[in-house]
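Trainee: Pasted the sequence and its predicted model underneath.
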Amino acid sequence: MSSKKLLFGFMPISLIWGYIAIAIFMAGDGFEIAFLSKYITDMRFSQEQASFVFTVYAFAAAIAAWSSGVIAEIVTPQRAMLMGFAIWVVFHVLFMIFGIGMHSYWLMVLFYGLRGFGYPLFIYSFIILIIHNVPEAKISTAMGWFWAAYSVGLGTIGGLLPGYTNPVMGETGTLWFSLIWIVIGGLLALFALRKVKIDEEKANLPVQEKMQELTRAITILFTNKYIFMSALIRIINTVPLFGVAVIMPWFLEGDPQHNLAGLGFSNTEWQQIWALFLTITIFTNVLWGIMGDHIGWLRQVRWVGCIGGVFSCLAFYYVPLHFGHNYYAAMIPAIMLGITVAAFVPMTAVFTTLEPHHQGAAVSIYNLSASLSQSVATAIAGLAIGFVGISGVLWIYAGLYVFAAILTYFIKVDQPKLVKTAKI
């Protein structure tokens, strides 16, 4: 790879439009994340039913995420991204017409769940392009930029705009508006990335060997204990991210149907707080991606991501509880989580370094873990909130971070830059 073709010393210029496409695509995908749970309960469905919609969606996303790394290698990343794009568009339209439009709970569950197969296949296949085109010692940095693009879409655009569009066009209009962003992002990626070079060795394998490679995306969990432990850490990484998106509207805004008075926040205020959190991660993803390559991948994950994350989780409950309806005070936990959750960025590099000869399978496990995170978060919220309340759910999330911090001591990985430095 010629250095003349690298931007900032690590990023192939040909991938730039891919990062932009990811941002646009995730904007469309993220429009509903901070209001859909309450929108469903406003239709007179229960909190448990709303949580189940997200749980089914997350389960489908986890399956797609698990297979995406290997699928991207055996059919090429560009074709895998096309598949994800098409799935999202088709099932979102069906979700809107037959689920939301008819107020049919089970059709919402069905089509929103099936839509969950789309976005992981689209965005995680792009990671394979990154792995194949970025120097190994710079993968953490490149992934920092990937998650920054993800946050620009999901947070700054996807998180902020609905707070302004919902009052104007309603939740249903906002959900239709998201489709426009998906189409623009999807077409941009398919056009701009069509000639990006990839390793086609696995794409040219016979069908039987392709199937064997696909099964490796599961067996690798049992043949490499470090991959298994890394998967648990990656699951825990974003549990609070998805969890607070579901439970905080009930805590801050209230839910009369379930006798939750709330703290007097409006939906627009919560949307802006959520957008602030994800906007912060734009910068912290880049920061911790770069820092991880220098101070140590797992050291950063342990102290900033896990231990720092404990305080971030608990702040979401105790800061608003103490200050009440104070918009600026409620931003404090959002800023804290924006700093700590991004410190897990080097985990992609950990996975691919642990399995250098089966990076597609390693990325598949990474992706599976990332998507299972949402399923775990919503499942915990749905099962525990009735027994331990909002505070109990957040204490559970904090406890998971402590467990992840302990796991980092048992993983042995040779970080390229640190190994090179040691030899000097």
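Mentor: Ah, there it is. Numbers count the residues shown, from 1 in each chain.

Trainee: so where's the stretch 151-300 of the chain shaky on pLDDT?
Mentor: 199-210, 213, 256-259 (pLDDT under 70).

Trainee: would you list every one of the helices in it?
Mentor: 162-192, 207-223, 225-237, 239-253, 267-295, 297-300 (DSSP state H, counting those that start in this stretch).

Trainee: residues contacting M81?
Mentor: With contacts defined as CB atoms under 8 Å, 6 or more residues apart in numbering, M81 is in contact with A72, L121, F122, S125, F126, G186, A189, L190, L193. (Glycine included, C-beta is placed from N, CA and C.)

Trainee: Touching, F403 and M229? I think so.
Mentor: No - using CB atoms under 8 Å, F403 is not in contact with M229; the gap is 10.7 Å.

Trainee: The two: which has the busier surroundings?
Mentor: Remark: of F403 and M229, M229 carries more neighbours, 19 against 12, as counted by other CB atoms under 10 Å.

Trainee: So that one sits against F410, correct?
Mentor: Yes - contact criterion CB under 8 Å: M229 and F410 qualify, at 6.0 Å.

Trainee: ok, so what distance separates the residue most central in space within the chain from N237?
Mentor: The residue lying closest to the centre of the chain (CA atoms, centre = their mean) is A370, at 6.1 Å. From A370 across to N237, the span is 8 Å (CB to CB, to the nearest Å).

Trainee: Same check on G170?
Mentor: G170 is 34 Å from N237, where distance means CB to CB.

Trainee: out of those two, which sits in the busier spot?
Mentor: Legend: neighbour count by other CB under 10 Å for G170 and N237, higher for N237 (26 against 12).

Trainee: Of the contacts of M81, which is the most crowded?
Mentor: A72 (32 neighbours).

Trainee: wait, doesn't it sit right on Q359?
Mentor: No - using CB under 8 Å, A72 is not in contact with Q359; the gap is 10.5 Å.

Trainee: and the gap between W17 and F35?
Mentor: Noted for W17: a distance of 30 Å to F35, by CB to CB.

Trainee: ok, now A27?
Mentor: For A27 relative to F35 (CB to CB), the value is 15 Å.

Trainee: related to what we said a few turns ago, between W17 and F35, tell me which one has more neighbours.
Mentor: When neighbours are counted by other CB under 10 Å, W17 and F35 differ, and F35 comes out ahead with 23 against 15.

Trainee: distance of K225 from L372?
Mentor: Using CB to CB, K225 is found at 18 Å from L372.

Trainee: Please, where are all the helices along the stretch 301-424 of the chain?
Mentor: Under DSSP H, counting those that start in this stretch, the stretch 301-424 of the chain gives helices at 308-323, 331-340, 347-354, 359-407, 416-423.

Trainee: and the ones you listed, which is most packed in?
Mentor: The highest mean neighbour count among the helices of the stretch 301-424 of the chain, using mean count of other CB atoms under 10 Å, belongs to helix 347-354: a mean of 25.
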